[in-house]
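Visitor: No sequence on hand, only this structure:
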């Protein structure tokens, strides 16, 4: 059965450019299939004739634009005719791949990924954290193993990517590696960032993953209750390492800082505000957003406690902290001594600051969001949901008692 084939040019009037130059798009149709792309040729809106698909006028500018559009149409038509003669025209993707393959055949997914990882590595501590770099490395490893497993190859060109590729990659992460929903989402989002590089460089005309939705399930954020926080605060440890970890943990419970931000916290990050009180003003390592935190009495006392510590004198560090791994191991000891059944980690201090210390005591969520250094209020709202659930659970318990 003969399939209709046509090529038209159009502009998108709903996308108003700042300079008034509208991109001219090309739409190729084969039967019921079609694809569109930007020709990177521009014109003014009042110069475009929608009926003839051309620029009006007979000046040099108009002639050049129309000739360039004619060349695009001619090249696509020739590809269509050749594929048809060679009996290789099975779908419109054959035309699309052939047309864009002339300029993009040397650009590959993992090759570009490796280049991106190298750039991230050079910007460690400036724009990216070590954990981000490691996640990119892990994603690349998963992609490589997926390609070997499903395609029997070690790389794939961008023009070969489609919706099925990301769908199968997600299925591979779930079925073969048993990776959870949120971790899979992070790996797929990392891959999408590389696709965005290809889109920005015009290596592919359309995002092949545009219809794939990444689902992230908000995690349950564990935090300490007022009693648990008090049990740790009032406990004095004879072992210095446990006492130091307790102090650092409490410091974060009342400031909301993450482990890496406390480890890197210097005296110069603590300033006197216009209100005459001490403030922490420091960019978060993870997001590079500014956290502005007025210091409460407890963290001020903890800071004074370590005035003569060698780390303070030599390096200017506010608090002494070992590695994150050792810190969390010592917190397990503290939890056992204080009879706290929760899996105590350093990050629970940040959650405790957001819930037990601030939101539960009526601090507005917008203020909490600023102190935590969140880019989006939605991130902070997860803590508010936790507070709502706690209220609901407490009232349910009260209801049962009354009955």
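Guide: Noted; the coordinates are in hand. Because the structure is a prediction, the values reported are computed rather than measured.
Visitor: now do the same end-to-end measure for stretch 18-36.
Guide: Length of stretch 18-36, first residue to last, C-alpha to C-alpha, to the nearest Å: 23 Å.
Visitor: What residues sit buried inside it?
Guide: 22, 24-26, 28-30, 35 (16 or more other C-beta atoms under 10 Å). C-beta: built from backbone N, CA, C; applies to glycine.
Visitor: Now intersect the residues you listed with the strands, please.
Guide: 22, 24-26, 28-30, 35 (DSSP state E).
Visitor: which one of those is nearest residue 307?
Guide: Nearest to residue 307 among these is residue 22, at 64.8 Å by C-beta to C-beta.
Visitor: per-residue pLDDT, the closest one?
Guide: pLDDT for residue 22: 87.
Visitor: How about it: what's its closest non-neighbour residue?
Guide: Using C-beta to C-beta, 6 or more residues apart in numbering and skipping residues adjacent in sequence, the residue nearest residue 22 is residue 11, 4.4 Å away.
Visitor: which ones are touching the one you found?
Guide: Residues in contact with residue 11 (C-beta atoms under 8 Å, 6 or more residues apart in numbering) are 22-25, 43, 45, 48.
Visitor: now it: how far from residue 25?
Guide: Counting by C-beta to C-beta, to the nearest Å, the gap from residue 11 to residue 25 is 7 Å.
Visitor: Likewise for residue 242?
Guide: 65 Å.
Visitor: quick one on the thing from earlier: quick check: the farthest pair among the ones in strands among the buried residues of stretch 18-36?
Guide: Every pair of those checked by C-beta to C-beta; the farthest is 22 and 30, at 26.0 Å.
Visitor: Phi, psi for the closest residue to residue 279 other than its chain neighbours please.
Guide: In space, and not counting its chain neighbours, residue 279 is closest to residue 273: 4.4 Å by C-beta to C-beta, 6+ apart. The phi and psi values for residue 273, taken as degrees, to the nearest 10, are phi -80, psi 180.
Visitor: wait, isn't residue 273 in contact with residue 294?
Guide: Yes: counting by C-beta atoms under 8 Å, residue 273 touches residue 294, with 6.9 Å between them.
Visitor: so where's the stretch 101-250 of the chain shaky on pLDDT?
Guide: Applying pLDDT under 70 to the stretch 101-250 of the chain picks out residues 101-106, 125, 218-220.
Visitor: which stretches of the stretch 301-403 of the chain form helices?
Guide: Remark: helices assigned in the stretch 301-403 of the chain by DSSP state H, counting those that start in this stretch are 310, 324-337, 347-352, 365-372, 377-402.
Visitor: how far away is residue 276 from residue 299?
Guide: Taken as C-beta to C-beta, the span from residue 276 to residue 299 is 17 Å.
Visitor: try residue 49
Guide: 69 Å.
Visitor: More neighbours: which of those two?
Guide: Ranked by neighbour count (other C-beta atoms under 10 Å), residue 49 and residue 299 place residue 299 first, with 24 against 10.
Visitor: these two touch, right, that one and residue 249?
Guide: No: here residue 299 lies out of contact with residue 249, judged by C-beta under 8 Å, at a distance of 11.4 Å.
Visitor: What is the neighbour count of residue 314?
Guide: 8.
Visitor: can you pull the pLDDT of it?
Guide: 87.
Visitor: can you check residue 55 too?
Guide: Note on residue 55: pLDDT of 91.
Visitor: if I pick it, what's in contact with it?
Guide: Neighbouring residues of residue 55 by C-beta under 8 Å, 6+ apart: 43, 47-49, 61-62, 65-66.
Visitor: Check which helices and strands the helix or strand containing residue 141 is in contact with.
Guide: Residue 141 belongs to helix 130-151 when assigned by DSSP states H and E. With contacts taken as 3 or more C-beta pairs under 8 Å, 6 or more residues apart in numbering; DSSP states H and E, helix 130-151 sits against helix 109-122, helix 163-175, helix 181-200.
Visitor: buried sites along it?
Guide: Within helix 130-151, the residues scored as buried using 16+ other C-beta under 10 Å are 132, 135-136, 139-140, 142-144, 146-147.
Visitor: same check, this time on stretch 287-300
Guide: Neighbour counts using 16+ other C-beta under 10 Å place 291, 293, 295, 298-299 of stretch 287-300 among the buried residues.
Visitor: Show me what the mean pLDDT comes to for it.
Guide: 87.
Visitor: What is the end-to-end distance of it?
Guide: Start and end residues of stretch 287-300 are separated by 26 Å (C-alpha to C-alpha).
Visitor: now the residue lying closest to residue 169 once chain neighbours are set aside: how far from residue 348?
Guide: Counting by C-beta to C-beta, 6+ apart, residue 169 lies nearest to residue 146, which is 5.4 Å off, once chain neighbours are set aside. Residue 146 sits 34 Å away from residue 348, going by C-beta to C-beta.
Visitor: Alright, I will stop here.
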